[in-house]
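Quick one: sequence plus predicted model below, questions after.
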Amino acid sequence: MSTANPLGINLSFCVKRWVTPELWAPVVRNRLDLDLVQFSFDLVDPMWPASLASRHARDVRKAADEHGLTVHSAFIGLAHYTFNQLLHPDPNVRTYAEQWLERAYCFAAEANIPRVGGPLGAIASQIDGHELPSIGAEAYGALVECMLRLGEKAKAAGLSELYVEPTPMRREWPWTIEQARQMMVDVTDSATRWSLCVDWGHGTYQPLYGARADTMQPWFEALNDVISAVHIQQTDYQFDRHWDFTEAGRVVPQEARTLLARTGLAQSPVFLEVFYPFERDSKSILDALEASVLSLKQAFA
């Protein structure tokens, strides 16, 4: 069995640019020479009319087949992430967010994407700005119940796995290793397996976790049995940068590869997840992505 992590890319870089499969598939396959993709729901709103969403799902499936791509999973994207989703204070909004995910599962299944995930939501800030240490027992209990319902819906759609992405914010859940472990325990009986997709720039956010958070090793060692995908980015540990690897930062690809192998995650797919200002020209983005992917390939070969 190969010890090299499968290397892929999240389609976050495509937003407002390569927005259809006919555009992003050749970019990924021919320009970046990758064959593993994580779809982003910034490219398709699953709440579009059913016939429109269905046509785009078929287009994703067709383009992936024609270009020899495997679409490993689909993540919610930035647009939906900006809403408080399953932790919004209005229960009707939470219900809508659950329906949004159910529609996302149906889209993914039709597009031949077996996994869906992302951050789950955020509680509202307090008027005085004080950050609570957790989201509260009642909100957490309701969130777990919702996750179990979503597990049933994902099974009905034909999916094989759902993801939670921990984020470095006290208003979201989980944001600590202990919370992530507890959540995975609490959804053990889900009809569809819940796993973690962890991000290199989330677990190393020092303003929240302190100066010692200069490595992902604690996350990988403590949670390697429930982590089945990883996001990699270049970052300075001071914000969740999502830079590419042409930028100066603290993530060294070869060291990242070695850490994954040392912590039992040598088989987990690793997805480059980068975001760019909308006003930046597309040609320079392609050049930066090409250089970044080459750097990662050299490290992960």
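Received, thanks.

can you tell me which residues contact the residue nearest to residue 8 when sequence neighbours are not counted?
Leaving aside its chain neighbours, residue 8 sits nearest to residue 36 (3.0 Å; criterion: Cβ to Cβ, 6 or more residues apart in numbering). Where you see a C-beta, it was placed from the backbone N, CA and C, and this is true even at glycine. Going by Cβ atoms under 8 Å, 6 or more residues apart in numbering, residue 36 touches 6, 7, 8, 9, 69, 70, 72, 269, 271.

Format those residues as JSON lines; extra columns: distance to residue 195 and pLDDT.
Shown next, in JSON lines, are these (distance: Cβ to Cβ, whole Å; pLDDT from 0 to 100):
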{"residue": "6", "distance to residue 195": "15", "pLDDT": "97"}
{"residue": "7", "distance to residue 195": "19", "pLDDT": "98"}
{"residue": "8", "distance to residue 195": "16", "pLDDT": "98"}
{"residue": "9", "distance to residue 195": "20", "pLDDT": "98"}
{"residue": "69", "distance to residue 195": "22", "pLDDT": "98"}
{"residue": "70", "distance to residue 195": "18", "pLDDT": "98"}
{"residue": "72", "distance to residue 195": "12", "pLDDT": "98"}
{"residue": "269", "distance to residue 195": "12", "pLDDT": "98"}
{"residue": "271", "distance to residue 195": "14", "pLDDT": "98"}
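
Nearest to residue 46 among the residues you listed?
residue 72 (18.0 Å; Cβ to Cβ).

So which residues of the stretch 1-150 of the chain form strands?
With DSSP state E, counting those that start in this stretch, the ranges of strands along the stretch 1-150 of the chain come out as 7-10, 36-40, 70-75, 115-118.

and residue 173, which of the ones you listed is closest to it?
Of all these, strand 115-118 comes closest under Cβ to Cβ, at 13.1 Å.

Show me which residues of the closest one are buried.
115, 116, 117, 118 (16 or more other Cβ atoms under 10 Å).

rewinding a little: between the strands of the stretch 1-150 of the chain, which one is nearest to residue 100?
strand 115-118 (11.1 Å).

which stretches of the stretch 151-300 of the chain have low pLDDT?
Nowhere does the stretch 151-300 of the chain drop to pLDDT under 70.

Please tell me how far residue 174 sits from residue 198.
For residue 174, the distance to residue 198 equals 10 Å [Cβ to Cβ, to the nearest Å].

Between these two, which contacts overlap?
By Cβ under 8 Å, 6+ apart, residue 174 and residue 198 have these common neighbours: residue 166.

Next, count neighbours for the nearest residue to residue 15 once chain neighbours are set aside.
Excluding its sequence neighbours, the residue lying closest to residue 15 (Cβ to Cβ, 6+ apart) is residue 42, at 4.6 Å. Residues within reach of residue 42, counting by other Cβ atoms under 10 Å, total 21.

Same check on residue 19?
Neighbours around residue 19, by other Cβ under 10 Å: 14.

Might you report the residue contacts of it?
Contacts of residue 19 (Cβ under 8 Å, 6+ apart): residue 43.

and it, how far is that from residue 80?
Taking Cβ to Cβ, one finds residue 19 at 16 Å from residue 80.

Ok, residue 40 next?
With Cβ to Cβ as the criterion, residue 40 and residue 80 are 10 Å apart.
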